[in-house]
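next input, structure requested:
(one chain, ligands or ions: 1)
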Amino acid sequence: MPVTAQPPSLAALENSSEFIARHIGITAEDEQHMLDVIGKPSRAALIDSIVPASIARSTRMDIPDAVTEAAALDELKAMAGKNRVLKSFIGQGYYGTHTPGVILRNILENPAWYTAYTPYQAEISQGRMEALVNFQTMVCELTAMPMANASMLDEATAAAEAMTLAKRSVRSKSHVLVVAGDCHAQTIEVLQTRAAPLGLEIKIANSAQEWAAALAGDYFAVLAQYPSTSGRIDDLRADVATVHAKQAAFIVAADLLALTLLVPPGEFDADIVVGTTQRFGMPLCNGGPHAAYMACRDEYKRSMPGRLVGVSVDVHGNPAYRLALQTREQHIRREKATSNICTAQVLPAVVASMYAVYHGPQGLKRIAQRVALLTAILARGLQGLGYTLTSSSAFDTLTLRCATAAQAQTLQAKAVASGMNLRRSWEQYLSISLDETSTREDLAQLWSVFAQAGQTLPTVDALQTDAAPLIPAELQRSSGFLSHPVFNSHHSETGMLRYIRMLSDKDLALDRSMIPLGSCTMKLNATSEMIPITWPEFANIHPFCPADQRQGYAELDAQLRAWLCAATGYAGISLQPNAGSQGEYAGLLAIRGWHASRGESHRTICLIPSSAHGTNPASATMAGMQVIVTACDASGNVDMNDLRAKCEQHSANLAAVMITYPSTHGVFETQVKELCALVHQHGGRVYVDGANMNALVGTAAPGEFGGDVSHLNLHKTFCIPHGGGGPGVGPVCVVADLVPFLPGHVAGGVPSHGVGAVSAAPLGNAAVLPISWMYIRMMGSDGLKHATEAAILAANYISARLSSAYPTLYASASTDGRPGHVAHECILDLRHFKESCGVMAEDVAKRLMDYGFHAPTLSFPVPNTLMVEPTESETLAELDRFINAMLAIRAEIAQVETGAWPQDNNPLKHAPHTAACVVDAAWERPYARELGAFPLQSLKAVKYWPTVGRVDNVYGDRNLFCSCVPIAQYSTT
Ligand SMILES: *Cc1c(COP(=O)(O)O)cnc(C)c1O
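Numbering: from 1, shown residues only. The predicted structure is shown next:
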């Protein structure tokens, strides 16, 4: 009798951990090969020889087991369903908007855009930098200011950055910032948080009298909202002269849509203008992510925070974009930095700029006029029903006075019952904000809420005939804007689609090749993780809507916090910080608040090793701490003798020590537990920068080995895509006694115990949290740990295979006498080539572009090196493709070393090669054209062409030019 194989059971056919193998690129078979190369019998043996036994996790993370993609989506959909989407008339900086479908699908939901990295490598980032130059131009023209950067984190932090920009730019020596009380509440809250550690005072003027009195006093700057949060449009022109006479700065928080109709701040000599671009196509998102903007006068441009895209030229003399003034960025200026902003809001900024490209100046103006007219009609109707408005001027927001607070409450509840959220601005005051999505039907429904029994309802038709917008005649804008061709060319959908596609074709993102950027963790951003972010139940929630309409978000927040606590070993966590830098800042505020609560406010010294990421010292400075840099030893570890000496020297005033673990040198330092104990002994707290959590999840927990506070970068370890430079999420995690010092948010209903809001929205970049939730849910505890181990395996495989060509600079001391190992990234030492043949790490970075790769992290944390972080998501084939490219480049370097090619005339120095340069008739180089463009045969089948040659950094900084220039693609020849 033949034996028939037993058919598989149902349980065996149900593979709930199926996603794990989709996320981790390395198969079991590949793993064995990689371990052989490294010289380790098993993955467990490899990890045991790398993660110090003293900190290795003994318990499994308390995170549920993996489920399939479909099951995770179902579970999240049920949670999303607990949010209730009402029509929002709340305003207060967040408005309804129609995301044009072509932008939704081809940018927000397109990996070519959302998986790109920050455009540090200019030659492979021309597309997104053009979009960002469009953003800067749009902001400059709408505000009538000469300079704008490419995105701030939110309007409130942009206002805080404007405060410090003003403080360091004006002559006034005052420490007072006068703030109009009619600014958005969340802006005032964040300003107060940011001002306190810097010793600045926020003076709020709650009435016209208080404003006038305050302006007569002493201050370094004033801030007014235009139009105000209650909707009034003030003529600020006379005040500007008063402020300037005091050698102080005038800051305006302005609504970009309103500015299409209002005299822009630049025309009345404002110094700094900030605001959000949310209503240019980004949904409400429960508060974020949205791009904020900052524009300033020309004299301030070199001390403006954030990233600025500039126009330079490439080596062939063609215009090319690049990030300007990079040497001035916070990671170089360190403790002298004035801002810590690193990850910003690039993807939302691209959406906003495309919204302007799509609608053009006439389209934007039409949208604004319609909103303004609907608002005027609404006002008439409400007045007809007997309500008093607090102001005769308005763009989109009306504030009305009810008879009593009780009546306001009743009306608000009645509106909710008919599916509409109004804003209860103050006791008996209600505010109503209209937007692009408002309709005639909405007006009728609003009137029916406000009408008393028996009153005749007004109608739009009856009121519109003689209604006119409520914009004061003297404040109507007469100047034009957005005259550049880019805002006047792509108004057909075909044209728009092709414009978006043309730009993304210029760029190299994760949808084409691995992006092995050390410290940045460019791993898979799975499609199933991305799908929920545009579900209306998540996207269309206003951050200040009643809490019972945000139950789904509350559950998401609670679950994600619990899982992240399990992953880090901490007791409490806040998801409010909307970038790693903001998490650092919030964490240091917690430490500061804790010391103050014990009567030890004098503890302000913060020790930071020299290898730290630049945001660390910048955040400490912003938190009012004094940074003292400690040394690293020859093997890249924190120099414990130096640290001990400095702890002793500053024992009485020690606030914190900030370390990164595993270190930015890519190694697990074995003495981390001692280090933490030492700091605690001296009364300080330990901040562990969690950007490298991709080496720790499941293997070791900072909250267990002695850390007191960490931030995570959900846009690194937890799969939120980099978006070309944001959005991110930077949760701050703390041990039990610091939990009371997590950030609050009074305007958003989060109680504060002394540490106020750090972001405009209570849940920060809430709408991208589903990405990390999905990742954790589909991986489960075991899958997450496996991912960490695979990431460490991949880094060690690359380090081993490249060791003879490019030695790894730092490795941990080996426990078994074999060569040491790295953590999840390795620093390749290229420094000796400078002497041997003049080749720099930058040349290798540019040459990799010809091979179709994005360079590893260049010159951080060690100058003239490349830091490679492959992550767990790459396949062995892709790792080998990268390794082979690096080896081929090493062979090219050898040709320069032997003198076969001159030091200044070889494929490395001429990299990257554009198509135009290799077909140029005047080719006079000592190597073949073919080698320039196709150094490997395989590139003939699939070739990525950089569209510009090497970009000239110096030229761009000397000629700082940051708005659109007419460029070739608009020419029809
Ligand atoms: C990325 C990074 C940061 C900053 O995080 P952002 O989200 O960019 O603000 C801080 N420290 C380290 C080590 C990092 O790699």
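
residue of the stretch 501-650 of the chain closest to the ligand, please.
Gly580 (2.4 Å; Cβ to the nearest ligand atom). C-betas here are computed from N, CA, C, even on glycine.

you'd agree that residue is up against Gly730?
Yes. The pair Gly580 / Gly730 is scored as a contact, 4.1 Å apart, by Cβ atoms under 8 Å.

overlap in contacts, the two.
Listed as contacting both Gly580 and Gly730 by Cβ atoms under 8 Å, 6 or more residues apart in numbering are Thr343, His711, Leu712, Asn713.

now the element after the lowest-mean-pLDDT helix or strand in the chain, going C-ward?
Across the helices and strands of the chain, mean confidence by mean pLDDT, DSSP states H and E is lowest for helix 330-333: a mean of 62. As assigned by DSSP states H and E, the chain's next helix or strand after helix 330-333 is helix 346-384.

now do the strands in the stretch 501-650 of the chain.
572-574, 605-609, 626-630 (DSSP state E, counting those that start in this stretch).

now those as CSV including distance to Glu427, mean pLDDT and mean neighbour count?
Formatted as CSV, the strands of the stretch 501-650 of the chain follow (distance: least, Cβ to Cβ, whole Å; pLDDT from 0 to 100; neighbours: other Cβ atoms under 10 Å):
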stretch, distance to Glu427, mean pLDDT, mean neighbour count
strand 572-574, 30, 98, 24
strand 605-609, 43, 97, 26
strand 626-630, 44, 97, 18
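
make TSV out of these and add distance to Gly744.
Below are the strands of the stretch 501-650 of the chain laid out as TSV (distance: least, Cβ to Cβ, whole Å):
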stretch	distance to Gly744
strand 572-574	9
strand 605-609	23
strand 626-630	26
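
could you export these as TSV, including distance to the ligand?
As requested, these are exported to TSV (distance: least, Cβ to the nearest ligand atom, whole Å):
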stretch	distance to the ligand
strand 572-574	15
strand 605-609	11
strand 626-630	15
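
now Ala241: how far from Ala144?
The gap separating Ala241 from Ala144 is 17 Å, by Cβ to Cβ, to the nearest Å.

who's more crowded, those two?
Comparing Ala241 with Ala144 by other Cβ atoms under 10 Å, the one with more neighbours is Ala144, at 19 against 11.

could you check the pLDDT of the more buried one?
Ala144 carries a pLDDT score of 97 in this model.

OK, contacts around the residue nearest to it when sequence neighbours are not counted?
Closest residue to Ala144 apart from its sequence neighbours, by Cβ to Cβ, 6 or more residues apart in numbering: Gly266 at 2.9 Å. Residues near Gly266 by Cβ under 8 Å, 6+ apart: Thr143, Ala144, Met145, Pro146, Val273, Ala295.

recalculate using a threshold of 7 Å.
Going by Cβ atoms under 7 Å, 6 or more residues apart in numbering, Gly266 touches Thr143, Ala144, Met145.

nearest to Asn15, of those residues?
Thr143 (54.6 Å; Cβ to Cβ).

what is the neighbour count of that closest one?
The number of residues packed near Thr143 is 28, by other Cβ under 10 Å.

what does the one 5 residues further on give?
The burial count assigned to Ala148 is 27, neighbours taken as other Cβ under 10 Å.

I figured it hits Ala295, correct?
Yes. Ala148 is in contact with Ala295 according to Cβ atoms under 7 Å; the separation is 4.1 Å.

report the set of residues contacting both of those two.
By Cβ under 7 Å, 6+ apart, Ala148 and Ala295 have these common neighbours: Val139, Cys140.

that older thread, what distance do you get for the residue nearest to Ala144 to Cys183?
19 Å.

where do the strands of the stretch 351-500 of the chain begin and end?
Using DSSP E, counting those that start in this stretch, strands in the stretch 351-500 of the chain cover 388-389, 397-401, 420-421, 423-426, 429-433.

wait, which of these is closest to Gly495?
strand 429-433 (32.5 Å).

name every strand pairing with the closest one and say which way it goes.
In the sheet, strand 429-433 lines up against strand 397-401 (antiparallel), strand 423-426 (antiparallel) (DSSP bridges).

what mean pLDDT would you report for the helix or strand containing Gly932?
Element membership for Gly932, per DSSP H and E: helix 929-933. Mean pLDDT, helix 929-933: 97.

now the helix or strand that that helix is followed by: average pLDDT?
Helices and strands here follow DSSP H and E; after helix 929-933, the next one along the chain is helix 953-958. Averaged over helix 953-958, pLDDT sits at 80.

which residues touch helix 953-958?
Gly310, Val311, Ser312, Val313, Arg322, Ala324, Leu325.
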